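Undergrad: any chance you could fold what I've pasted below:
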Amino acid sequence: MCMHVRAILDEKGRNVLTIRPDATLQDAARMLQENRIGALVVLGLNEQIKGILSERDIVSAVARHGAEALSKTVTSVMTSNVHRCSEDATVDQVMAMMSEKRCRHIPVETNGKLAGMISIGDAVKSRIREIEFEAREIKAYIAG
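TA: Numbers count the residues shown, from 1 in each chain. Below you'll find the predicted structure:
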């Protein structure tokens with residue numbers, strides 16, 4: 001049983017909070033805090049992914065520029081080299097990407113458009129469910 005990203009999105013939903021490139025870091029920080037999330041996808045024209053802004057990006061900007069960082073635009077500090085996956089990617093593939101690229105959020109893209117977001121928490125929860133299912137199956141096999 002190897003779960004795919006599509007199944008996670010079908011379960012948790014495909015809604016992703018996004019932000020405009022010209023928004024301020026203060027606006028972004030407020031959105032992150034109010035929604036209790038760790039990253040926002042930055043969308044440009046035609047709803048295409050331009051970048052991703054994480055809590056880590058904001059903290060780095062504040063460390064470099066102090067409080068004035070909060071008036072900077074999202075574009076000035078976002079990660080523009082966004083690692084993405086498709087709905088057909090497996091949870092193992094996504095976890096490997098997150099580990100290798102050192103990121104906690106992976107936007108899901110379909111036909112060049114944002115289709116969802118997978119977090120490290122989503123991937124771990126899915127993997128734990130797979131392991132629990134396998135354990136139940138093994139116990140049933142042994143008992144049967």
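Undergrad: strands along the protein, start to end?
TA: Secondary structure of the chain by DSSP state E: the strands cover 18-19, 39-43, 49-54, 105-110, 113-119.
Undergrad: deepest of these, which one?
TA: Burial of the strands of the chain is given as mean neighbour count (mean count of other CB atoms under 10 Å); strand 39-43 ranks first at a mean of 24. In this view, the C-beta of every residue, glycine as well, is placed from N, C-alpha and C.
Undergrad: can you list the residues that contact it?
TA: Around strand 39-43, the neighbours that count as contacts under CB atoms under 8 Å, 6 or more residues apart in numbering are 16-21, 28, 31-32, 49-55, 74-75, 78, 104-105, 107, 114, 117, 119.
Undergrad: how about a cut-off of 6 Å?
TA: Strand 39-43 is contacted by residues 16-19, 21, 28, 49-54, 74, 78, 105, 107, 114 when judged by CB atoms under 6 Å, 6 or more residues apart in numbering.
Undergrad: now do stretch 100-113
TA: By CB under 6 Å, 6+ apart, the list of residues contacting stretch 100-113 reads 5, 39, 41, 47, 49, 83-85, 87, 94, 114-120.
Undergrad: so can I have CSV of the strands of the chain showing distance to A69 and mean pLDDT?
TA: Formatted as CSV, the strands of the chain follow (distance: least, CB to CB, whole Å; pLDDT from 0 to 100):
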stretch, distance to A69, mean pLDDT
strand 18-19, 16, 97
strand 39-43, 16, 96
strand 49-54, 12, 95
strand 105-110, 21, 95
strand 113-119, 24, 94
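Undergrad: any chance of these in TSV, with distance to G66 too?
TA: Output for the strands of the chain, formatted as TSV (distance: least, CB to CB, whole Å):
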stretch	distance to G66
strand 18-19	22
strand 39-43	22
strand 49-54	19
strand 105-110	26
strand 113-119	29
